[in-house]
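> one predicted model, sequence on top.
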Amino acid sequence: MVQAGPTRVRLFVVCIKAGNKVKTGVLLVNLGTPSAPTSAAVKAFLSQFLHDHRVVDLPRSLWCPLLHGIILPFRSPKVARLYQSIWWPEGSPLMVISRRQQAALQQALQDEGIDVPVALGMSYGEPSIGSAWQQLKDQGVDRVIVLPLYPQYSVSTTASVFDAWAKLMKQERLVPALRFVHDYHDFSGYIGALADSVRTHWQEHGRGDMLLLSYHGIPKRFENEGDPYGRQCHRTSELLAQELGLEPHQWRTTFQSRFGREEWLQPYTDETMARLPKEGIGKLDVICPAFAADCLETLEEIAEQNKDIFLKAGGEQYHYIPALNDNSAHIRMLVDLVCRELV
Ligand SMILES: C=CC1=C(C)c2cc3[nH]c(cc4nc(cc5[nH]c(cc1n2)c(C)c5CCC(=O)O)C(CCC(=O)O)=C4C)c(C)c3C=C
Ligand SMILES: [Fe+2]
Ligand SMILES: [Fe+2]
């Protein structure tokens, strides 16, 4: 569907680029997921992920014995069982949804008359960022918009996408022109898409006493060393609360998915769940704005584990509001992000 206004600007931009024989491509990136819900596949995935210095920055002489001797052998079978509990017939939810996002973004750009191929790469596992770049290269792309699907910048996610891209480019003689989407934590289209999703949920399921915004955590030390992730999460929450007209007592920000023994960003989601019923919150709605696609950390940890904690602590009603996934407002927002980088 061709619209007036901004679309005409977009078409104009694409035409200029076409005249200069520059072809832009989009590389969507997410974290990745195991290829199967088995101990062996989870071990392979965790091994690649947890060897990334951006994720675990301990000296290898300390970390590798712990990783190979304890974490991989003991965590893999345990986590494989969790993946089994959320696995879909078509595969890992994160992978299935990411593929849908890629296809929907491709279609939406095409509908706008924007001839920009979209490829999907994962930081860990398959499809790799390298294979996604190869697909774009095969289509004659010489200008790339790398779009990590992380609304809030973190050294452990966004920076590792940049590392992977830089490593890949070491093999190229002709490095393509690059636009790298650093973050979109306060982008109006993203806040609007989150707000639409909450409103739709309220219309369908009724409204809780509180909206809890639970973000994936990072070690507190990362923040002390300059990672803006926590600050950006709080800003997303404020903007969403503002957009929904929530009073301070009607929303709260927490951090989930702790790993290891050191302190992570606080307050912790699970501890908050156990406290809220005692503070008079009986009905709770939970949203996870750091996740562009549902995955283990939302479908199992939030929709199952934390629900149990809240209900066992005396809560009456608990609703998890799904990630934006391939909903139309999310795809529209991604089109807008891409168009911003086409200029
Ligand atoms: C080791 C420390 C970890 C940091 C730091 C971290 C940051 C971080 N992660 C996401 C998003 C996702 N994490 C996912 C899985 C996952 N994360 C960690 C650890 C850290 N994450 C582990 C060990 C795992 C694997 C599962 C497990 O063993 O518990 C996923 C994928 C889930 C899936 O469905 O496959 C996502 C997505 C963000 C946004 C983030 C920092 C901002
Ligand atoms: Fe190692
Ligand atoms: Fe994680």
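Nice, thanks for sending it over. Ligands and ions are numbered 1, 2, ... in the order given.
> which single residue of the stretch 1-150 of the chain ends up nearest ligand 1?
Thr33 (3.2 Å; Cβ to the nearest ligand atom). All C-beta atoms are positioned from the backbone trio N, CA, C, and that covers glycine.
> pretty sure that residue sits in a helix.
No. Looking at Thr33 with DSSP: H, G, I helix; E, B strand; the rest coil, it is coil, so not inside a helix.
> pretty sure it sits against Gly125.
Yes. With contact defined as Cβ atoms under 8 Å, Thr33 reaches Gly125; the gap is 6.3 Å.
> what touches both of the two?
Common neighbours of Thr33 and Gly125, using Cβ atoms under 8 Å, 6 or more residues apart in numbering, are Phe45.
> now Tyr318, what are its backbone angles?
The phi/psi pair for Tyr318 (degrees, to the nearest 10) reads phi -140, psi 120.
> ligand 1 contacts on the stretch 51-200 of the chain?
55-56, 75, 79, 92, 94, 150, 154, 156-157 (Cβ under 6 Å from any ligand atom).
> domains of the chain?
Listed domain ranges for the chain are 39-86, 188-321 (source: automatic domain parsing).
> please name whichever of those domains is nearest to Gln102.
Shortest separation from Gln102 across those is recorded for domain 188-321, at 10.8 Å, computed as Cβ to Cβ.
> tell me the mean pLDDT for that closest one?
For domain 188-321, the mean pLDDT works out to 98.
> and for stretch 51-70?
Mean predicted confidence for stretch 51-70 is 98.
> count of residues packed around Arg54?
Residues within reach of Arg54, counting by other Cβ atoms under 10 Å, total 18.
> the one 4 residues further on too?
Leu58 has 13 neighbours, counted by other Cβ under 10 Å.
> now do the helices in the protein.
6-19, 39-50, 60-66, 72-86, 93-111, 129-138, 158-169, 188-205, 220-224, 229-244, 269-275, 296, 307-312, 328-342 (DSSP state H).
> and among the ones you listed, the most buried is which?
Mean neighbour count (mean count of other Cβ atoms under 10 Å) peaks for helix 296 among the helices of the chain, with a mean of 22.
> closest to Gln107 out of the domains of the chain?
Smallest distance to Gln107 across the domains of the chain (Cβ to Cβ): 17.3 Å, for domain 188-321.
> quote the end-to-end distance of the closest one.
Distance between the two ends of domain 188-321: 20 Å, counting by Cα to Cα, to the nearest Å.
> you'd agree Lys220 is up against Leu265?
Yes. Using Cβ under 8 Å, Lys220 is in contact with Leu265, at 5.9 Å.
> give the contact list for the closest residue to Tyr83 other than its chain neighbours.
Excluding the flanking residues, the one nearest Tyr83 by Cβ to Cβ, 6 or more residues apart in numbering is Pro37, at 3.8 Å. If a contact means Cβ under 8 Å, 6+ apart, then Pro37 has 80, 83-84, 87, 92 as its contacts.
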